[in-house]
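**Q** just a sequence and a predicted model for now, questions to come.
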Amino acid sequence: MTRQQMTVFTLRRFAAMLALWGLTTGAVLAGSVDVSRFVGTYEGSAEVQTSTGQTAQRDLSVKISETDRGFVAAWSTTTYRSDGASKEKSYEIEFVPSDRSGIFAAAMTRNVFGHAVQHDPMKGEPYVWSRISGDTLTVFSLFVNEEGGYELQQFDRTLTDGGLMLEFHALRNGQKERQITSFLKRQ
């Protein structure tokens, strides 16, 4: 190999390494958004109108924590009935960066290779993803029912002084089902 061929070979190899580094760095940066601003535990309450037209008190809590691959959002709702009984629902979902900046895929189950993957909405499982846009962390959940209709839930959690402003919207087949707005204080 001549000296000129060696130089060209070396330059091509260097260019290939730079391109590969750029691709891997770009992939990491594409999903990297500052989740740390949202990390914490938040609590609050809201009055919610029930399907019967009455109002019910709900206690709300959210915990957001970072992981080495993304973040976990955990939230619970405790509903109090007029007879004194209460009912609590809790959810916890891990989110990992997607190839698109600020958009995260839910890692809700494991495939046969042990990789975290999203649920299949055609099997009645919720399809969940999140995004961070400015000061708002949004979690979306899409459910497809047995008749092929859908419900879309949207949880907007916006940073404010001392906590988060929570706005929840639920649509069923394009019709507004529920809406909840509440301030959640950082604990």
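**A** Yep, it's here. Fair warning: this is a prediction, and the values are worked out from it, not measured in the lab.
**Q** report how many residues lie close to the residue nearest to Lys185 when sequence neighbours are not counted.
**A** Ranked by CB to CB, 6 or more residues apart in numbering and with sequence neighbours excluded, the top spatial neighbour of Lys185 is Gly163, at 4.5 Å. For the C-beta atoms, the positions are set from N, CA and C on the backbone; glycine is no exception. The tally of other residues near Gly163 (other CB atoms under 10 Å) stands at 20.
**Q** so who does Gly163 touch?
**A** Shown in contact with Gly163 (CB atoms under 8 Å, 6 or more residues apart in numbering): Tyr42, Gly44, Phe183, Leu184, Lys185, Arg186.
**Q** which of those residues are buried?
**A** Tyr42, Gly44, Phe183, Leu184 (16 or more other CB atoms under 10 Å).
**Q** circling back to that earlier point, model confidence for the residue nearest to Lys185, exactly?
**A** pLDDT, Gly163: 97.
**Q** coming back round to it: just the closest of the buried ones among the contacts of Gly163 to Asp83, please.
**A** Taking CB to CB as the measure, Gly44 is the one of the buried ones among the contacts of Gly163 closest to Asp83, at 23.7 Å.
**Q** give me the pLDDT for the closest one.
**A** Gly44 is given a pLDDT of 97.
**Q** return the set of residues that bridge with it.
**A** Leu60 (DSSP bridges).
**Q** can you give me the distance of it to Asp68?
**A** Distance, Gly44 to Asp68, using CB to CB, to the nearest Å: 29 Å.
**Q** okay, buried residues for stretch 173-185 please.
**A** Result for stretch 173-185 [16+ other CB under 10 Å]: buried residues Ile180, Ser182, Phe183, Leu184.
**Q** what sits against the residue nearest to the first one when sequence neighbours are not counted?
**A** Right, the one you point to is Ile180. Distances taken as CB to CB, 6+ apart put Phe168 closest to Ile180, at 4.2 Å, once the chain neighbours are dropped. Counting by CB under 8 Å, 6+ apart, Phe168 touches Gln153, Gln154, Phe155, Asp156, Arg178, Gln179, Ile180, Thr181.
**Q** try it again at 10 Å.
**A** Neighbouring residues of Phe168 by CB atoms under 10 Å, 6 or more residues apart in numbering: 46, 48, 60, 75, 77, 139, 153-157, 178-182.
**Q** so which strand or helix has the spatially most central residue of the chain?
**A** The C-alpha lying nearest the average C-alpha coordinate of the chain belongs to Ser130 (CA atoms, centre = their mean; 3.1 Å). Assigned by DSSP states H and E, Ser130 belongs to strand 127-133.
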